[in-house]
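[1] Only the shape, not the letters, is given here:
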Ligand code: GLN
């Protein structure tokens, strides 16, 4: 398939897209993003790569890192993880506190803020140097040793992280946080601050399209069964209260972040990353979702069957 041409077709169709949305401003460091940036990158099972637009520029991956921390914690503690965090779609915003009270401090899933904070608590308990170990994990998956945290973004989030403070304190009160709340939150903010390009992002997630094997060195990151679980969680929870809409329109497991990035997986076929910083009211990239909808429609590739 001529993916390069398909990207050009999508970009042409989206030239007059007028629901570009707004860049995230609740984290001051993200407010500087240029809403006109747009990039798409595809890595296929055969190792071919296709690109379009701003694909080398780094952006803040934000909540996309929640999948990577989930994978890391799952590797460390296995199924014990599910005693601390659920696997149900939340149907509510990524930073909603409401369900946490009803569910006695057990977050609905690992891809909302509360769930990712519990995952960070597990990393703090399990690892001597979680910052170093985690970034090394991401670097190995991406094949890019220069991927790093952005101190400025992490600090910016810390200064206005009142809601995340509320989440962790509520969970601590229910006994679902083992460590010092500031230590755990600091790790959480750092994971959100990781920066990479569309190219890095598509490459990093390719192991989830290959039954858990890193295509760069064939290292097994997860078993096929564990990989299925992560992909299922992405399909059901990757877009918060827009997860149903994403499955409905795009039909792939994926994950978004308020930096405007989205990554999606077609098992055994490809990993695709899109970046467009303008967000819709659910905090997901507006143009990014549209671009992926067009992509899976044109290529007839989605997990529910040809269209
Ligand atoms: N760092 C952001 C927060 O905690 C992540 C949110 C997101 O990308 N949806 O609010």
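    Sure thing, it's come through. This structure is a prediction, so every number in the text was calculated from the model and none was measured.
[2] so what's residue 303 up against?
    In this structure, residue 303 makes contact with 235, 251, 252, 253, 266, 267, judged by C-beta atoms under 8 Å, 6 or more residues apart in numbering. C-beta coordinates here come from the backbone N, C-alpha and C atoms, glycine included.
[3] can we see that at 7 Å?
    251, 252 (C-beta atoms under 7 Å, 6 or more residues apart in numbering).
[4] Walk me through the domains of this protein.
    Per the record, the chain has its domains at 3-62+196-299, 63-193, by automatic domain parsing.
[5] mean confidence for the last one?
    The one in question is domain 63-193. For domain 63-193, the mean pLDDT works out to 97.
[6] if we can go back for a sec, now the domains of the chain in JSON lines, please, with extra columns for distance to the ligand and mean neighbour count.
    What follows is the domains of the chain, written out as JSON lines (distance: least, C-beta to the nearest ligand atom, whole Å; neighbours: other C-beta atoms under 10 Å):
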{"stretch": "domain 3-62+196-299", "distance to the ligand": "3", "mean neighbour count": "20"}
{"stretch": "domain 63-193", "distance to the ligand": "3", "mean neighbour count": "19"}
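[7] for those domains, which one sits closest to residue 306?
    Each of the domains of the chain was checked against residue 306 via C-beta to C-beta, and the shortest separation belongs to domain 3-62+196-299, namely 9.9 Å.
[8] Show the end-to-end separation of the closest one, please.
    Looking at domain 3-62+196-299, the gap from its leading to its trailing residue is 9 Å under the measure C-alpha to C-alpha, to the nearest Å.
[9] hmm, back to that, kindly reformat the domains of the chain as JSON lines containing distance to residue 307.
    Written out in JSON lines, the entries for the domains of the chain read as follows (distance: least, C-beta to C-beta, whole Å):
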{"stretch": "domain 3-62+196-299", "distance to residue 307": "6"}
{"stretch": "domain 63-193", "distance to residue 307": "23"}
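[10] ok but residue 207 is inside a helix, no?
    Yes - membership of residue 207 in a helix is supported by DSSP: H, G, I helix; E, B strand; the rest coil.
[11] And the residue nearest to residue 64 when sequence neighbours are not counted, what's its pLDDT?
    In space, not counting the residues next to it along the chain, residue 64 is nearest to residue 257; the distance is 4.2 Å by C-beta to C-beta, 6 or more residues apart in numbering. The predicted local distance difference test score for residue 257 is 98.
[12] residue ranges of the helices in this structure, please?
    For the chain, the helices defined by DSSP state H cover 3-13, 65-77, 98-102, 113-126, 130-142, 151-159, 162-173, 181-193, 198-204, 224-237, 243-249, 286-299.
[13] Include distance to residue 59 when you put those helices into a markdown table, please.
    Output for the helices of the chain, formatted as a markdown table (distance: least, C-beta to C-beta, whole Å):
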| stretch | distance to residue 59 |
| --- | --- |
| helix 3-13 | 18 |
| helix 65-77 | 12 |
| helix 98-102 | 29 |
| helix 113-126 | 19 |
| helix 130-142 | 14 |
| helix 151-159 | 10 |
| helix 162-173 | 21 |
| helix 181-193 | 11 |
| helix 198-204 | 8 |
| helix 224-237 | 19 |
| helix 243-249 | 19 |
| helix 286-299 | 11 |
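[14] Isn't residue 251 up against residue 302?
    Yes - applying C-beta atoms under 7 Å as the test, residue 251 and residue 302 come out as touching, 2.8 Å apart.
[15] Now do the shared contacts for the two.
    Contact criterion C-beta under 7 Å, 6+ apart; residues shared by residue 251 and residue 302: residue 296.
[16] Quick one: residues contacting the residue nearest to residue 64.
    Applying C-beta under 7 Å, 6+ apart, the residues contacting residue 257 are 61, 62, 63, 64.
[17] can you check residue 252 too?
    Applying C-beta under 7 Å, 6+ apart, the residues near residue 252 are 264, 265, 266, 296, 302, 303.
[18] try residue 249
    Residues near residue 249 by C-beta under 7 Å, 6+ apart: 289, 293.
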